[in-house]
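> How does the following fold in three dimensions:
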Amino acid sequence: MPKPKPKVFVTRIIPDRGLSLVKDFCDADIWPGELPPPGEVILEKVRGIDGLLCLLTDPVGAEVMDAAGPSLKVISNFAVGVDNIDLPEATRRGIPVGNTPGVLTETTADFAFALLMAATRRVVEGDRFVRAGKWKTWGPTLLLGQDIFGATLGIVGFGRIGRAVAKRAGGFDMRVLYYDPWVTDGPGAGALPAQSVDLDTLLRESDFVSVHTPLTDQTYHLIGADALAKMKPDAILINTARGPVVDPDALYHALKNGQIAAAALDVTEPEPVPADSPLLELDNLVIAPHIASASRATRGKMAQMAAENLIAGLKGERLPYCVNPEVY
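Numbers count the residues shown, from 1 in each chain. The predicted structure is shown next:
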């Protein structure tokens, strides 16, 4: 009699490049909805499972781990960040947690630059202007934006993605500043020469501020009223990191009152942004629905990596992409 397949719960349909691996190796219960499964559904679905493949939208804390019970061998997150998972609790229980690092670096950096360019050259405003039938003629002062070439770019968080953005800035002959108290090795090989500065200097001198820091207790609302007040009135803020790094109320007031010129966000707090949010009333704000890593190739590779982490954990092998290797 064949050995039964390990039981796993997958909290969303992921690209087939990874999902097919999971289906072949596992007895997989896959949540079919477009929206995340409710908390009570997760608690029900995880009972007695051997592995969990989840997304950033799925909180996985002690309650979920308790519901799963001692059979839970691995948690695989379809993301680079793992702030949805109680990592110390998983480590305490000896459960390895996997993520999908590296693969989305270049794709996310591309999108950060796309947002930067869209905001400064008012692309979304221009599109709405045309569709509303307001375009009557070429005008010398119509929808004036700012130059990117030769401007100063401030990068908050100089990890893989921050450095990839700095490389792209080279093509625009930009001066690059970065703030990252955890980076001690300079800009890194192949990156555009960049200058390490304190956060106040970066905010004060940058024409563009691009956020690439993880969400931690130290970075929660790092870009709040005080930080925004230090930025230039013609500066533009870009966030492709985590929504709560930027205080949405402070950002609304800064944009509404002309404290900064514009902002472009791929992530928000909360997420998704509520339909009645005052942010959506602003013309000088571009918001995308968390799609910085949304290329077919990147999402496919993320699915494969998440599946490989899950299957390795189920086999009792070391996860290829483990965020808490101390469990070993």
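
> Show me where this protein has its helices.
Ranges of helices within the chain are 16-25, 39-45, 62-68, 87-92, 105-120, 123-131, 160-170, 199-205, 225-230, 248-256, 296-315, based on DSSP state H.

> from the chain's centre, how far out does stretch 136-148 sit?
Its chain's average C-alpha position is 32 Å from that of stretch 136-148, according to Cα atoms, centre = their mean, to the nearest Å.

> likewise stretch 9-17?
What separates the centre of stretch 9-17 from the centre of its chain is 19 Å, taken as Cα atoms, centre = their mean.

> Kindly report the same for stretch 68-78.
Distance of stretch 68-78 from the chain centroid (Cα atoms, centre = their mean) equals 23 Å.

> From start to finish, how long is it in a straight line?
Taking Cα to Cα, to the nearest Å, stretch 68-78 runs 19 Å from one end to the other.

> And that stretch, what's buried?
Across stretch 68-78, burial judged by 16 or more other Cβ atoms under 10 Å covers 68, 72, 73, 74, 75, 76, 77, 78. Just so you know, the C-beta spots here come from the backbone N, C-alpha and C atoms, and that holds for glycine as well.

> got it, and stretch 234-251?
By 16+ other Cβ under 10 Å, the buried positions in stretch 234-251 come out as 235-248, 250-251.

> Just name the closest of these to residue 302, please.
Nearest to residue 302, judged by Cβ to Cβ, of the buried residues of stretch 234-251 is residue 240 at 15.6 Å.

> and that closest one, what does it touch?
Neighbouring residues of residue 240 by Cβ atoms under 8 Å, 6 or more residues apart in numbering: 108, 111, 112, 115, 161, 210, 211, 212, 266, 267, 292.

> Which of these are buried, as a PyMOL select command?
Selecting only the buried entries of these in PyMOL, with 16+ other Cβ under 10 Å as the criterion:
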select buried, resi 108+111+112+115+161+210+211+212+266+267+292
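
> Give me the distance between the spatially most central residue of the chain and residue 212.
The residue lying closest to the centre of the chain (Cα atoms, centre = their mean) is residue 241, at 4.2 Å. As judged by Cβ to Cβ, to the nearest Å, residue 241 and residue 212 stand 5 Å apart.

> Now for the two: what residues contact both?
The contact lists of residue 241 and residue 212 share residue 157, where a contact means Cβ under 8 Å, 6+ apart.

> coming back round to it: of all the helices of the chain, which lies closest to residue 143?
helix 123-131 (5.4 Å).

> Would you indicate which residues of the closest one are buried?
For helix 123-131, a neighbour-count test (16+ other Cβ under 10 Å) marks 123, 124, 125 as buried.

> cool, stretch 313-326 as well?
Neighbour counts over stretch 313-326 (16+ other Cβ under 10 Å) mark 313, 314, 319, 321, 322, 323, 324 as buried.

> quick one: contacts for residue 151?
Counting by Cβ under 8 Å, 6+ apart, residue 151 makes contact with 172, 174, 175, 207, 208.

> got those residues as TSV, with neighbour count, pLDDT and distance to residue 101 columns?
Converted to TSV, the contacts of residue 151 look like this (neighbours: other Cβ atoms under 10 Å; pLDDT from 0 to 100; distance: Cβ to Cβ, whole Å):
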residue	neighbour count	pLDDT	distance to residue 101
172	16	97	27
174	21	97	26
175	17	97	29
207	21	98	30
208	29	98	26
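
> mind putting those in CSV, distance to residue 16 included?
Compiled in CSV, the contacts of residue 151 are given as follows (distance: Cβ to Cβ, whole Å):
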residue, distance to residue 16
172, 37
174, 39
175, 44
207, 42
208, 37
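
> Which pLDDT does the model give residue 3?
Model confidence at residue 3, expressed as pLDDT, equals 85.

> So what's the residue count around it?
A total of 5 residues lie near residue 3 under the criterion other Cβ atoms under 10 Å.

> Distance of the closest residue to residue 91 other than its chain neighbours relative to residue 293?
The shortest distance from residue 91 to any residue other than its chain neighbours is 4.6 Å, reached at residue 324 (Cβ to Cβ, 6 or more residues apart in numbering). Applying Cβ to Cβ, the value for residue 324 to residue 293 is 22 Å.
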